[in-house]
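> Need coordinates for the below:
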Amino acid sequence: MSTLTFKNKLVNLLCCKFCDNVLCARGMKAVLLADTDVELYSTDIPPTRAVDFVGNCYLTESCKCKIKDIACLKCGNAVGYHVVVPCKPCLLSCNNGHFWMFHSQVIYAVNRLDSSGKHIIKLSM
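This next block holds a predicted model:
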């Protein structure tokens, strides 16, 4: 995926389905690099005021990325994971630098609008 393709992605607010807490204000729809059938949402900005790490780091089954799960600070439910140390193949593949991933089953996305409230914001990279 080229940078131009990333620029066409819509910017979303990502919210926890369990408690409606806003987890991220700069999310975008994504697919798992290791399995493109898996849809996720991602961000490049650490959502430090909305989530925290839970559990221990572990390696994925499909590659050697080191990841750690994240949970919503408001309700405590697991909402995704952070790629703590990406593996070399994932770094060399077409990626957008988004290493905070949110599971689409436990969050919902709302398109972000500009300050006029009329136009949907697109990702600028």
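> only C-alpha atoms for contact and neighbour calcs from this point on.
Fine.
> Which residue ranges of the protein form strands?
Secondary structure of the chain (DSSP state E): strands located at 12-16, 22-32, 35-43, 51-59, 66-72, 78-85, 100-103, 107-111.
> what angle do the second one and strand 12-16 make?
It refers to strand 22-32. Per axes from the mean of the first three to the mean of the last three Cα atoms, to 10 degrees, the angle that strand 22-32 makes with strand 12-16 is 110 degrees.
> so who does the residue most central in space within the chain touch?
Geometric centre of the chain, nearest residue: Ser42, 1.7 Å, by Cα atoms, centre = their mean. Contact analysis of Ser42 by Cα atoms under 8 Å, 6 or more residues apart in numbering lists 27-30, 98-102.
> Go again with 6 Å.
Counting by Cα atoms under 6 Å, 6 or more residues apart in numbering, Ser42 touches 27-28, 98, 100-102.
> Name whatever forms a beta bridge with it.
Met28, Met101 (DSSP bridges).
> how much space is there between it and Asn111?
Distance from Ser42 to Asn111, counting by Cα to Cα, to the nearest Å: 14 Å.
> Repeat that for Lys74.
22 Å.
> rewinding a little: could you dump the strands of the chain to a markdown table with distance to Ile121?
Formatted as a markdown table, these follow (distance: least, Cα to Cα, whole Å):
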| stretch | distance to Ile121 |
| --- | --- |
| strand 12-16 | 8 |
| strand 22-32 | 10 |
| strand 35-43 | 15 |
| strand 51-59 | 24 |
| strand 66-72 | 25 |
| strand 78-85 | 24 |
| strand 100-103 | 20 |
| strand 107-111 | 8 |
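> Relative to Thr48, which of the contacts of Ser42 is nearest.
Trp100 (10.7 Å; Cα to Cα).
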